[in-house]
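Engineer: Model the structure of this input:
(2 chains)
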2 protein chains.
Amino acid sequence: MDSIAAPAPCGIWTLDPQLERDTVVVGDLSLSRVLLMNDANFPWLIAVPRLVGAVEIFGLDDRQRTQLMRELALLGRALKDQTGCHKINVAAIGNVVSQLHVHVVARRHDDPAWPRPVWGALPARPYEEAARDRLIQSIRRQVDFG
Amino acid sequence: MDSIAAPAPCGIWTLDPQLERDTVVVGDLSLSRVLLMNDANFPWLIAVPRLVGAVEIFGLDDRQRTQLMRELALLGRALKDQTGCHKINVAAIGNVVSQLHVHVVARRHDDPAWPRPVWGALPARPYEEAARDRLIQSIRRQVDFG
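Structural biologist: Numbers count the residues shown, from 1 in each chain, chains lettered A, B, ... in the order given. Predicted structure coming up:
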């Protein structure tokens, strides 16, 4: 059945415009584009599988899910090691931006939202360029973006 | 190095007392105990890997992570199919309860928190027993708890 409302099952993957506006690119892993949220309140990465039309984790096949999990673990470990944070929060929510994307957020007991989740907790505070670049470089030192 | 502060790397796994208070057991998958949050605002499952001392997803080994992902996909698919919801939210937060646990929540455009995340959004509304049992039975029909 044809429907113009259905997500395109083929075509070229592009990043959702809102994710593009809110982030800077850290690099590409084999499945996901990795973004840094432009919010200096929390070291906050987002992994976006480069799969056209992906919305739900259960919609991925076994191989894609396993690879996504591997990449989330890499990113979580790197954020923990590079920031010395106390807890990693990992979440695929997607109530506002439907393109499948997974948040990986470094949390500290003294961060401005602790222990609440970060989503909607407070307005984004854009990075100063030098601090942003230092964080990105530290992630790139630990994670091989090829 | 001995330390009484480190989490026990061996011993018998037990469910965190707060998770136990807030939920009812749906069943055990090969890795995770599956719980239903006693909050009728949202159909809300929690998967708790039965691994002593597990706190972070990146602390699991490859095999455990792959199995956790498989179980999260099963639960997400079942919640979607059985509730007809619009979006599944999946999250490992753990800022309050450190025992690794992953939320799988069925969201609707007309639910009382949409599009905000559910954590801390509104007070839990305990189920009436019949509604709770119907939901649990519907999950058990789709997911094989062995």
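Engineer: The residue lying closest to A:Ala54 once chain neighbours are set aside sits in which helix or strand?
Structural biologist: Using Cβ to Cβ, 6 or more residues apart in numbering or on different chains and skipping residues adjacent in sequence, the residue nearest A:Ala54 is A:Leu100, 4.1 Å away. Glycine gets a C-beta too; all of them are placed from N, C-alpha and C. Using DSSP states H and E, A:Leu100 maps to neither a helix nor a strand.
Engineer: Contacts only, for A:Leu100.
Structural biologist: A:Val48, A:Pro49, A:Leu51, A:Ala54, A:Val55, A:Glu56, A:Ile57, A:Gly59, A:Leu60, A:Ala92, A:Gly94 (Cβ atoms under 8 Å, 6 or more residues apart in numbering or on different chains).
Engineer: A:Glu71 now?
Structural biologist: A:Leu29, A:Ser30, A:Leu31, A:Ser32, A:Val34, A:Ala47.
Engineer: helix, strand or coil for the residue nearest to the first one when sequence neighbours are not counted?
Structural biologist: It refers to A:Leu29. The shortest distance from A:Leu29 to any non-neighbouring residue, by Cβ to Cβ, 6+ apart, is to A:Glu71 (4.8 Å). Secondary structure for A:Glu71, judged by DSSP: H, G, I helix; E, B strand; the rest coil, is helix.
Engineer: Tell me how far A:Glu71 lies from A:Ala106.
Structural biologist: 16 Å (Cβ to Cβ, to the nearest Å).
Engineer: now A:Asp81
Structural biologist: A:Asp81 is 10 Å from A:Ala106, by Cβ to Cβ.
Engineer: more neighbours, these two?
Structural biologist: Taking neighbours as other Cβ atoms under 10 Å in any protein chain shown, A:Asp81 and A:Ala106 compare with A:Ala106 leading, 23 against 14.
Engineer: Quick check: buried residues in stretch A:51-59?
Structural biologist: A:Leu51, A:Ala54, A:Val55, A:Glu56, A:Ile57, A:Phe58, A:Gly59 (16 or more other Cβ atoms under 10 Å in any protein chain shown).
Engineer: who are the neighbours in contact with A:Val25?
Structural biologist: A:Arg33, A:Val34, A:Leu35, A:Leu36 are the contacts of A:Val25 under Cβ under 8 Å, 6+ apart.
Engineer: Let's see which of the residues you listed end up in strands.
Structural biologist: A:Arg33, A:Val34, A:Leu35, A:Leu36 (DSSP state E).
Engineer: show me where chain A has strands.
Structural biologist: Using DSSP E, strands in chain A cover A:23-28, A:32-37, A:44-49, A:87-92, A:102-107.
Engineer: quick one: the last one to strand A:87-92, angle?
Structural biologist: Translated: strand A:102-107. 160 degrees (axes from the mean of the first three to the mean of the last three Cα atoms, to 10 degrees).
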